[in-house]
Structures are given as C-alpha cells and as structure tokens.
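Participant: Okay, sequence plus prediction incoming.
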Amino acid sequence: MLILRFIISSYAIASSIAFYFLASIGFENYNGGFKRHIAYIVLLLAVINLAWYYGKTNKEEWREAVKFIEEKASKGDLIIANKYVFYYYSKRDDIVKIQLPDVSEQSRNELVNKLRDLSRAYRRIWFVSSHEPELESLVLETLSNSISMRKKFLGIEVFLFDGVQR
C-alpha cells in the first residue's frame, strides 16, 4: 500500500504541469459569466492555504529541546540521544552524551543490561526520544520507576530519570 501511494504521488507531481496546462486552457475557453468569480475563489483559497502553511510551526523543535535540557542538566548528568541533530545543537561539554544502538530482538537484552549499568553509574539520566518508539518503550520499561519529568516538544519528547537506583 505504501509503495502504491509513493507511485501515485510521484506520478501526480510529474503530471501536475500537464494538468495545470489543460485546466488553464479549459478556463480560458469557458465563456460563462462567473469566470472572474471563479478566479477570485481560486486565488482566495490559495492565499488561505499559504497563510495556514506558513503560519504554523512544522519543524521539530530541536533548538528548544536542547536548550531546555542544557539549562536544567547538572554537571555529570547522562544524556541518551540517538539523533545527530541533538549533538549539532548541544554545546555543553560537562554532560556525558551517548547513543544507543538500534533495538532488535538480539540486542534487546544487551540494551537492557547496558541501561541498568548506566542507571547504576549515573544519578540523573536524560533521554531524548524522537521517532523511535521501540527504543523509547525499552528505556521506559527499564527506568520507569525513577521518572521525574516528561516534557514534549514538536516531534521530540524529553524524559528525566532522577534518583536512579544504584
């Protein structure tokens, strides 16, 4: 189904020039009395669509999320972030930052053991989740008894596990 959507959207984009060309010929040959009104309606709908598109935030809020974490984090905290964008915006060097490997059935136990080892080594652990539901559920299952904060940003969720048992 996904492949079909991709093919249809690809052909729709490629054929849109011909469609607009045929639509403009049809509109030019239309002799009805509402020709001007139709043009105004199309123009109004285009302006409304552009205002809606450019008026909303549609990018992930990485700057805000990193700024929030770096303002709240203490020296020696651990941050688990798997997206390179986090490391691009992060400037503090006194915070330990690591990436975890992707979750698969074979490495799931290894990840759980690694998270338990990290929870013994660090009192406060920050976890930055973005479009990785398997990893998020694994971290939450392993460290859920010490969650102290959860903050959502557009496309990003930040968790703080405080007082992790050693």
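Facilitator: That came in fine, so what should we check first? Numbering: from 1, shown residues only.

Participant: contact partners of stretch 55-72?
Facilitator: The set of residues external to stretch 55-72 that reach it, using Cβ atoms under 8 Å, 6 or more residues apart in numbering, is 79, 83, 85-86, 88-92, 95, 126, 128, 130, 151, 153-156, 158, 160. Placement of C-beta: from N, CA and C, glycine included.

Participant: and if we set it to 6 Å?
Facilitator: Stretch 55-72 is contacted from outside by 85, 89-90, 92, 126, 153-156, 158, using Cβ atoms under 6 Å, 6 or more residues apart in numbering.

Participant: sec struct for the residue of the chain positioned farthest from its centre, please.
Facilitator: Checked against the mean C-alpha position of the chain, the extreme residue using Cα atoms, centre = their mean is Asn31, at a distance of 48.9 Å. When states are read from DSSP: H, G, I helix; E, B strand; the rest coil, the local structure at Asn31 comes out as coil.

Participant: where do the helices sit along this structure?
Facilitator: For the chain, the helices defined by DSSP state H occupy 2-29, 35-55, 62-72, 84-89, 108-121, 133-143.

Participant: Out of the ones you listed, which gets nearest to Gln99?
Facilitator: The closest approach between Gln99 and any of those, judged by Cβ to Cβ, belongs to helix 84-89 at 8.6 Å.

Participant: Point out the other helices and strands that the helix-or-strand element of the chain with minimal mean pLDDT packs with.
Facilitator: Ranking every helix and strand in the chain by mean pLDDT, DSSP states H and E puts helix 2-29 at the bottom, with a mean of 78. Based on contacts counted as 3 or more Cβ pairs under 6 Å, 6 or more residues apart in numbering; DSSP states H and E, there is no element that helix 2-29 packs against.

Participant: Show me which positions of that helix end up buried.
Facilitator: Within helix 2-29, no residue is scored as buried using 16 or more other Cβ atoms under 10 Å.

Participant: Same question for stretch 157-166.
Facilitator: 158-161, 164.

Participant: Just flag the most distant two among the residues you listed.
Facilitator: Val158 and Val164 (16.0 Å).

Participant: who's in contact with Ser130?
Facilitator: Residues in contact with Ser130 (Cβ under 6 Å, 6+ apart) are 83, 155-156.

Participant: quick one: average pLDDT of stretch 102-114?
Facilitator: Throughout stretch 102-114, pLDDT has a mean value of 82.

Participant: So what touches it?
Facilitator: Identification of contacts with stretch 102-114 by Cβ under 6 Å, 6+ apart yields 101, 134-135, 138, 142.

Participant: Good, we can wrap up now.
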